[in-house]
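**Student:** attaching a predicted model along with its sequence, questions to come.
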Amino acid sequence: MEQFLGGSPLAVALRLIIISIIVGIVLTALGYNPRDLATAIAQLFEAIADLGFDWVESAIQYFLLGAVIVIPIWLILRLFKFVGGTSNGKDG
């Protein structure tokens, strides 16, 4: 357990407590409080999620727009190939 933590659990916990207090003092001096920080982190995750979902929505719209042209052309070409008798039983 000490290898994983980087020292004895008590010493690591003490170091983390001291560092947390120092960072808390610095953030308070800069005008931050825990609620502001939590809100900012939540807004960051929302913005990232919005970017991701907007991209998916755009990709679906591009797919549908392209499919309106591509699928009928593909279908017509397949029908001509089938009716023309050039089909050798293989897809492609």
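**Tutor:** Structure's in. What do you need? Residues are numbered from 1 along each chain as shown.
**Student:** distance-wise, check V56 relative to A40.
**Tutor:** 25 Å (C-beta to C-beta, to the nearest Å). In short, each C-beta sits where N, CA and C put it, glycine included.
**Student:** could you list the domains of this structure?
**Tutor:** 1-32, 33-92 (automatic domain parsing).
**Student:** pick out the shakiest of the ones you listed, pLDDT-wise.
**Tutor:** Of all the domains of the chain, mean pLDDT reaches its minimum on domain 33-92 (a mean of 82).
**Student:** now that one: how far from the chain's centre is it?
**Tutor:** Mean-position distance between domain 33-92 and its chain equals 16 Å (C-alpha atoms, centre = their mean, to the nearest Å).
**Student:** hang on, the earlier thing: now render the domains of the chain as JSON lines, adding mean neighbour count.
**Tutor:** Formatted as JSON lines, these follow (neighbours: other C-beta atoms under 10 Å):
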{"stretch": "domain 1-32", "mean neighbour count": "10"}
{"stretch": "domain 33-92", "mean neighbour count": "10"}
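**Student:** show me the residue at the heart of this protein, geometrically.
**Tutor:** G52 (5.8 Å; C-alpha atoms, centre = their mean).
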